[in-house]
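S.K.: Need a 3D model of the following:
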Amino acid sequence: ITVIPNSSEFASFRKELHKRIKLLSPLCDVSVAYEDEDRIKLEYRNCPHCEALIALGLPELAAQACNSDWDIAEKNAEKWDFERHHQIGTGDGFCDHTYIRKTLGP
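M.R.: Have a look, this model is predicted:
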């Protein structure tokens, strides 16, 4: 994930996510489900990591495959919030990743 100095650079962050979607397209079916000035929601319709772990008979690891998303979110907590309500690794049909700009203080 692109590092931005503060939440006022959220537009740059969104732009970089669009570039990453293009890079991931050969591996993942990912698209922007919603976007506005303060939010971008991505939907992943497949996950090669989870699919490989499940195929190897390790579904319990598939559920852990995306924990790093939360680590990244924690490191950027002053800039944006992260939400995920669906996860392929836990049996959902898709993953959603929503990034929400933190409001600037007074």
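S.K.: what is the rounded mean pLDDT of the longest helix seen in the chain?
M.R.: Longest helix in the chain, counting residues (DSSP state H): helix 10-24. Summarised as a single mean, pLDDT over helix 10-24 is 94.
S.K.: Pass me the low-pLDDT residue ranges in this structure, would you?
M.R.: 1, 104-106 (pLDDT under 70).
S.K.: now what about stretch 64-73, what contacts it?
M.R.: With CB atoms under 8 Å, 6 or more residues apart in numbering as the contact definition, stretch 64-73 has outside contacts at 1, 47, 49-50, 53, 80-82, 84, 87, 89, 95, 97. Yep, even glycine has a C-beta here, placed from its N, CA and C like the rest.
S.K.: And for the closest residue to Glu83 other than its chain neighbours, the neighbour number?
M.R.: Nearest residue to Glu83 in three dimensions, chain neighbours excluded: Thr98, at 4.2 Å (CB to CB, 6 or more residues apart in numbering). Other residues within reach of Thr98 by the criterion other CB atoms under 10 Å amount to 17.
S.K.: Look up the residues forming beta bridges with Thr98.
M.R.: Following DSSP bridges, Thr98 is listed with bridge partners Lys41, Glu83.
S.K.: Could you pull out the helices in the chain for me?
M.R.: Secondary structure of the chain (DSSP H): helices located at 10-24, 48-55, 59-62, 67-75.
S.K.: Only the buried members of the contacts of stretch 64-73: can you turn that into a PyMOL selection?
M.R.: The PyMOL selection below is limited to those of the contacts of stretch 64-73 classed as buried (16 or more other CB atoms under 10 Å):
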select buried, resi 1+47+50+53+80+82+84+87+89+95+97
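S.K.: Can you lay out the contacts of stretch 64-73 as CSV showing distance to Ala63?
M.R.: Formatted as CSV, the entries for those read as follows, by distance: CB to CB, whole Å:
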residue, distance to Ala63
Ile1, 21
Cys47, 11
His49, 11
Cys50, 8
Leu53, 9
Trp80, 24
Asp81, 22
Phe82, 18
Arg84, 13
Gln87, 8
Gly89, 5
Cys95, 12
His97, 16
